[in-house]
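Asker: Show me how the following folds:
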Amino acid sequence: MHQKEFYILAEELLQVRTAARNRSAISRAWLAAEHYGKKYLSHHFNFKVSQHRVHDALRATRHKDLAQLGFRLSDLYSQRIAADYRLEDRKAERPLFALDCVNEAKKIIDELNDLRAFSPEEQAEIVQYLRDWQLSRR
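Answerer: Alright, predicted model coming up:
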């Protein structure tokens, strides 16, 4: 399965506006961005990261653009948690809020796609920061 399918599902869920579909769209959009980030780190830096830690790994790179995407993915993760587990929080049920979250996931994916060219020095530095971060978690 390709991670894009989660994003497509998120968009489809928004077509019929119900609380559950809006919440599910937020969750699926985050999952698409999460899987894409995981694949990105693996492909570009040969770095494997566990699910739900991609935002931390991106921030750990200390690369300005990657770290910023990590913060944004972390924010989206918080919205996903609220959508899936905090049923008393009605914000996730609002159609425009759900649409904003789905759009944010798409932007994160697109911006990761645009970040492909790293100098050998940048590449080595990022890999070292990722390894240091991984070691600090043990």
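Asker: do you know how far R131 is from L73?
Answerer: 20 Å (Cβ to Cβ, to the nearest Å). All C-beta spots, glycine's among them, are computed from the backbone N, C-alpha and C.
Asker: more neighbours, those two?
Answerer: L73 (26 against 13; other Cβ atoms under 10 Å).
Asker: And that one, how far from K64?
Answerer: 15 Å.
Asker: try F118
Answerer: Relative to K64, and taking Cβ to Cβ, F118 is found at 12 Å.
Asker: Compare the two and say which one has the larger neighbour count.
Answerer: F118 (16 against 8).
Asker: Can you read off the pLDDT for that one?
Answerer: If you check F118, the pLDDT there is 85.
Asker: what's it sitting at in phi/psi?
Answerer: phi -120, psi 140 (degrees, to the nearest 10).
Asker: Not counting its neighbours along the chain, what's nearest it?
Answerer: Nearest non-adjacent residue to F118, counting by Cβ to Cβ, 6 or more residues apart in numbering: I126, 6.8 Å away.
Asker: which element is that neighbour on?
Answerer: I126 belongs to helix 120-136 when assigned by DSSP states H and E.
Asker: which element follows the top helix by length along the chain toward the C-terminus?
Answerer: For the chain, the helix that runs over the most residues, judged by DSSP state H, is helix 19-45. Downstream of helix 19-45, the next assigned helix or strand under DSSP H and E is helix 54-60.
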